[in-house]
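> no FASTA, just this:
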């Protein structure tokens, strides 16, 4: 049986749920693919759910997807990834997958510039984008040759393996002795050539921003700009927990310069940190896929996933500007984050309560689609253990 064309969302965590809702409420048929029964599976908008092998098992996952298109009548459907592993897979196998599907992920020759920070940062500097001071050691002896101002962080050039094995995005070093210890710990996980040493911007958690466009032919076809006000954990967060849209044109200018140079296509999140010492917005990274809080854009008036879907189907796009001041929250992670900050004396109780006024968008809860919220509540012990909530 051949289905009317629609979208295949790969990954059913809460960002996948946002994709499902953003597309299905516009009349797009949505199929969900995942390795586990996630919250999105409970959504009234999911037409069909398919268990899949892990995307890390590339051969079997490729065979699974191909058969999904050719044997389940889903050929011509649009593929949407929700995590870095799937982006890597789709970019590497794009040519073969495009024989069956419409692929929203660019080819590897583009993705590599945002996937590997040893390519991202030199590119950004070449284009005149400010970045945190960054060093590239090849061996432990190189550490003593750098003019470092502590504290510094050790971060991987490629996040996927490092985060999967440590549950952390960076390692903090407050002095040279700690740096050597953390460096030795890092090279037990990844190659020395994949390690970066970077200055730690002061008060990092309070100065995080993102420019999030649908980008095509060196043009912004839709966008949202936001401040990531809270994240979990606050200092070096796995994911944002409270976000608010803001209008900062400079972020679009800087982000567009980078994306145009690599000829990027699709949705992405370009992350910046504003350095309180000089006021400059410094480039951090590009997430070449949908991000956790992307549904804030829909509430702000710009349905970014639907724009991509229309473009994939060769339809005309109607571009709108986004509304500033829209708030997004993920309750299950924002509440413990806020309580921790209140306990540490870094956030006032009344300030937190004030921030909650006028919430516009919830990550999971929806009156029109309530079951995923209760499904996630039932899975909280599992999520805490697996994802570190």
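Looks like it arrived, so ask away. None of the values given here were measured: they were computed from a predicted structure.
> would you mind measuring from residue 142 to residue 162?
19 Å (Cβ to Cβ, to the nearest Å). For glycine as for every other residue, the C-beta is placed from the backbone atoms N, C-alpha and C.
> nope, residue 129 is what I meant
For residue 129, the distance to residue 162 - Cβ to Cβ - is 24 Å.
> same question, residue 337
22 Å.
> thinking again about what came up before, show me which of residue 142 and residue 162 is the more surrounded one.
residue 162 (22 against 15; other Cβ atoms under 10 Å).
> burial count for the closest residue to residue 140 other than its chain neighbours?
In this structure, residue 140 finds its nearest non-sequential neighbour in residue 183, 5.7 Å apart by Cβ to Cβ, 6 or more residues apart in numbering. If you count neighbours by other Cβ under 10 Å, residue 183 ends up with 20.
> please apply the same query to residue 302.
23.
> ditto for the one 3 residues further on
For residue 305, the number of neighbouring residues by other Cβ under 10 Å comes to 27.
> tell me which element it falls in.
In this structure, residue 305 sits in helix 304-312 according to DSSP states H and E.
> residue 381: how many residues sit nearby?
Neighbour tally, residue 381, other Cβ under 10 Å: 9.
> next, it: secondary structure please.
With DSSP: H, G, I helix; E, B strand; the rest coil as the basis, residue 381 sits in helix.
> what residues of stretch 59-73 count as buried?
61, 62, 64, 65, 66, 68, 69 (16 or more other Cβ atoms under 10 Å).
> contact partners of it?
1-3, 8, 33, 50, 52-55, 74-77, 79, 89, 93, 96-97, 100-101 (Cβ atoms under 8 Å, 6 or more residues apart in numbering).
> tell me which element residue 278 falls in.
With DSSP H and E as the test, residue 278 turns up in no helix or strand.
> do you know the pLDDT at it?
pLDDT, residue 278: 96.
> from residue 284, how far out is it?
16 Å.
> ditto for residue 247
Residue 247 is 20 Å from residue 284, by Cβ to Cβ.
> all the strands of the stretch 51-200 of the chain, residue numbers only.
Assigned by DSSP state E, counting those that start in this stretch, the stretch 51-200 of the chain shows strands spanning 78-81, 102-103, 134-135, 152-156, 171-173, 195-199.
> gap between the fifth one and the chain center?
Looking back up the chat, that one is strand 171-173. Distance of strand 171-173 from the chain centroid (Cα atoms, centre = their mean, to the nearest Å) equals 22 Å.
> which other helices and strands does that strand contact?
Counting contacts by 3 or more Cβ pairs under 8 Å, 6 or more residues apart in numbering; DSSP states H and E, strand 171-173 packs against strand 152-156, helix 176-187.
> the ones you listed: which one's closest to residue 351?
Shortest distance between residue 351 and these, using Cβ to Cβ, is found for strand 152-156: 27.2 Å.
> go ahead and confirm residue 80 touches residue 103.
No - using Cβ atoms under 8 Å as the test, residue 80 is too far from residue 103 to be in contact (9.5 Å).
> so if I had to pick from those two, which one is more boxed in?
residue 80 (31 against 21).
> all helices for the stretch 51-200 of the chain, in order.
Taking DSSP state H, counting those that start in this stretch to define them, one finds helices in the stretch 51-200 of the chain at 58-71, 84-92, 94-97, 108-115, 117-126, 159-166, 176-187.
> avg pLDDT for the longest one?
The one in question is helix 58-71. On average, helix 58-71 scores 96.
> same check, this time on the fifth one
Model confidence over helix 117-126, given as mean pLDDT, is 97.
> run the angle between that helix and helix 159-166 for me.
Interaxial angle, helix 117-126 versus helix 159-166 (axes from the mean of the first three to the mean of the last three Cα atoms, to 10 degrees): 130 degrees.
> which other residues reach helix 117-126?
Counting by Cβ under 8 Å, 6+ apart, 112-114, 131, 134, 136, 155-158, 194, 196, 258, 261-262, 283, 285-286 sit against helix 117-126.
> that one: which residues count as buried?
117, 118, 120, 121, 123, 124.
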